[in-house]
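would you be able to build a 3D model of this:
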Amino acid sequence: MNQVPDIFRILPEVVLTLTGVVIMLIDASLPTSWPRRPLGWVAAIGSTAAIWTSLWQLSLPQGTGFYSTVETSAFTVFFHVLICGIVLVVLLLSLDTLPAQSHHQGEFYALIVFGAVGMCLMTSAVELLLVFIALEISSISTYILTGYRKQTAKGPEAAIKYFLLGSFATAFFLYGIALVFGATGTTQIYALAHLIPTAQNQGFVLAALALMLVGVLFKVSAAPFHVWTPDVYEGAPLPVVALLSTAPKAAAFALLLRVVYEIFPNLHTLWTPLLWIVAILSMTVGNFAALRQKNVKRMLAYSSIAHAGYLIAAFAGVGANGIAAASFYTVAYAAMNAGVFAVIALVAGYDEQLSVIEDFRGLLYRSPLSGSLLILFLISLVGIPFTGGFFGKFYAFSTAMDGGAIALVIIGLLNSGLAAAYYLRFALASVQRPAENNQPAAPKPAFGAAVIAALFLAAAATLVLGIAPGATLGAAQSAAHTLQAPPVETTQPAIPLQSHQ
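As a prediction, this is how the structure comes out:
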């Protein structure tokens, strides 16, 4: 068998890392008076190259490298392409929404790219210590990006809250790794799947499962670990919120799939009801809280909590079907959520002077393109047919139904009807005639080439996933089967495991 060079197993991460380093070097070399906007295009080109290298990895045989710490498979490629695609949309959005003279603009683009390195590595790592390192790389970048608007009080406040609560969640995950190592003597994921059922101290195993679930569920903002979400979304710049609400969650869901399906498959009867409870809490708490919100960002923050519940409902499916349903829903949610935040960023501007739902009244008349796209993304979030949101929910709920979770599906459908109230309230505001008063009219959004490309990518993905989902669904199913496949021969000998009596 021809050996694959280990560097090929992490080629997308290498491309993203080099892109970030180049941006930092150029930024430090340019005079302070020169604009930094071209650095955003460098980041966008690097993200596009990372997508291409991820797709190229499909030509490699499935396997691991660097002493069985990273893996290349259809599963890793699926989430690499998704994360890099989200990063590309966010970078294009940032190019036209960040002020030309905003502070540390080069560092902003570099942090997004470096964060993507951690997110991609989270999806391909099959060694828990490397997963932890990747989680920290991703988290530190997003902590800093959250507080980017230092001139506002809400920006630093959001960053501090996110950092403190995120540190606790990361500590939970790390403690879970320590306990599972104490029970088995290894942190390699494939080895854990074989050693956990025969571990002598099953108490350590159960505690490790609980602690690792807490750490991952915090990252996806699932209830009851969601308290950071509204404040962080409200304080962060809109392009950063578009990133936070999609890419880190996609990486965290990929990690959650590995944790429950690869590390603890023998505890299926234990973690399944726990995830059912989390899904019900997330859907119910998120939707009821969103109904009471007038601030657009806080409403969408609670909406993201509800969508985490819809996605976790897919985990009630049996085997590969549940994995495929969760993976597909992650793509659909990323497309429509990045799109809705892109429209809001374009309309509200960097200073976000338009922050409540009433401020968007008459948007369809001021800017027909912005208003139409906003309505498209909102009806997809509702789950109207011929959009990605509809097929994602349909696939997730039908998979849960096949797994016997009838009560969970009924609660999910009721919550979807509840969510329609606040989504349609926002959509109706955009189609209403502007109020007749003496206040000056809101400015008409200015479309640049970059933001047009970002909106086109998000809108096209939302429609394609609803009208012709076959290709993405096939990729999700391939990813699901490779996730549960046994490991193949590695290119380097694995580190010997500690023996157990």
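
C-alpha from now on. contacts and neighbour counts both.
Will do.

touching, residue 451 and residue 88? I think so.
No - applying C-alpha atoms under 8 Å, one finds residue 451 not in contact with residue 88, separated by 11.0 Å.

which one of those two has more residues nearby?
Set residue 451 next to residue 88 and count neighbours by other C-alpha atoms under 10 Å: residue 88 wins out with 28 against 24.

where does the residue lying closest to residue 182 once chain neighbours are set aside fall, secondary structure wise?
Nearest residue to residue 182, sequence neighbours excluded (C-alpha to C-alpha, 6 or more residues apart in numbering): residue 204, at 7.4 Å. Using DSSP states H and E, residue 204 sits within helix 202-219.

who are the packing partners of the helix or strand following that helix?
Following helix 202-219 in sequence order, the next helix or strand is helix 229-235 (DSSP H and E). Applying 3 or more C-alpha pairs under 8 Å, 6 or more residues apart in numbering; DSSP states H and E, we find helix 229-235 packed against helix 154-184, helix 296-313.

the last one versus helix 202-219: what angle between them?
With axes from the mean of the first three to the mean of the last three C-alpha atoms, to 10 degrees as the basis, helix 296-313 and helix 202-219 are set at 140 degrees to each other.

just the CA atoms of helix 296-313, as PDB, please.
The C-alpha coordinates for helix 296-313 follow below in PDB (Å, rounded to 0.1, in the frame of the first residue of the first chain):
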ATOM      1  CA  VAL A 296     -32.900  41.600  16.500                       C
ATOM      2  CA  LYS A 297     -29.600  40.100  17.600                       C
ATOM      3  CA  ARG A 298     -31.000  38.800  20.900                       C
ATOM      4  CA  MET A 299     -33.900  37.300  19.100                       C
ATOM      5  CA  LEU A 300     -31.700  35.500  16.700                       C
ATOM      6  CA  ALA A 301     -29.400  34.400  19.600                       C
ATOM      7  CA  TYR A 302     -32.300  32.700  21.300                       C
ATOM      8  CA  SER A 303     -33.300  31.300  17.900                       C
ATOM      9  CA  SER A 304     -29.900  29.700  17.600                       C
ATOM     10  CA  ILE A 305     -30.500  27.900  20.900                       C
ATOM     11  CA  ALA A 306     -33.700  26.500  19.500                       C
ATOM     12  CA  HIS A 307     -32.000  25.400  16.300                       C
ATOM     13  CA  ALA A 308     -29.400  23.600  18.400                       C
ATOM     14  CA  GLY A 309     -32.300  21.600  19.900                       C
ATOM     15  CA  TYR A 310     -33.600  20.700  16.400                       C
ATOM     16  CA  LEU A 311     -30.200  19.500  15.400                       C
ATOM     17  CA  ILE A 312     -29.700  17.500  18.600                       C
ATOM     18  CA  ALA A 313     -33.100  15.800  17.900                       C
END
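
next secondary structure after it?
Where DSSP H and E defines the elements, the next helix or strand beyond helix 296-313 is helix 320-348.

tell me how far residue 285 lies from residue 39.
Noted for residue 285: a distance of 41 Å to residue 39, by C-alpha to C-alpha, to the nearest Å.

these two: who's more crowded?
Under the criterion of other C-alpha under 10 Å, the comparison of residue 285 against residue 39 puts residue 39 first, with 24 against 21.

residue 12 reaches residue 50, doesn't it?
Yes - Residue 12 is within contact range of residue 50, at 4.6 Å (criterion: C-alpha under 8 Å).

deepest in the core, which of the helices and strands packed on helix 229-235 is it.
helix 296-313 (a mean of 27; mean count of other C-alpha atoms under 10 Å).

show me what it is packed up against.
Under the contact criterion of 3+ C-alpha pairs under 8 Å, 6+ apart, helix 296-313 touches helix 229-235, helix 268-291, helix 320-348, helix 388-402, helix 406-431.

leaving out sequence neighbours, find the closest residue to residue 434.
Per C-alpha to C-alpha, 6+ apart, closest to residue 434 is residue 362, 4.7 Å.

same question, residue 306
residue 283 (4.0 Å).

in contact with the one you found, which residues are there?
305, 306, 307, 308, 309, 310, 412, 415 (C-alpha atoms under 8 Å, 6 or more residues apart in numbering).

can you classify residue 350 as helix, strand or coil?
coil (DSSP: H, G, I helix; E, B strand; the rest coil).

quick check, pLDDT for it.
On pLDDT, residue 350 comes in at 80.

in this structure it contacts residue 96, no?
No - in this structure, residue 350 is not within contact of residue 96 by C-alpha under 8 Å, at 9.8 Å.
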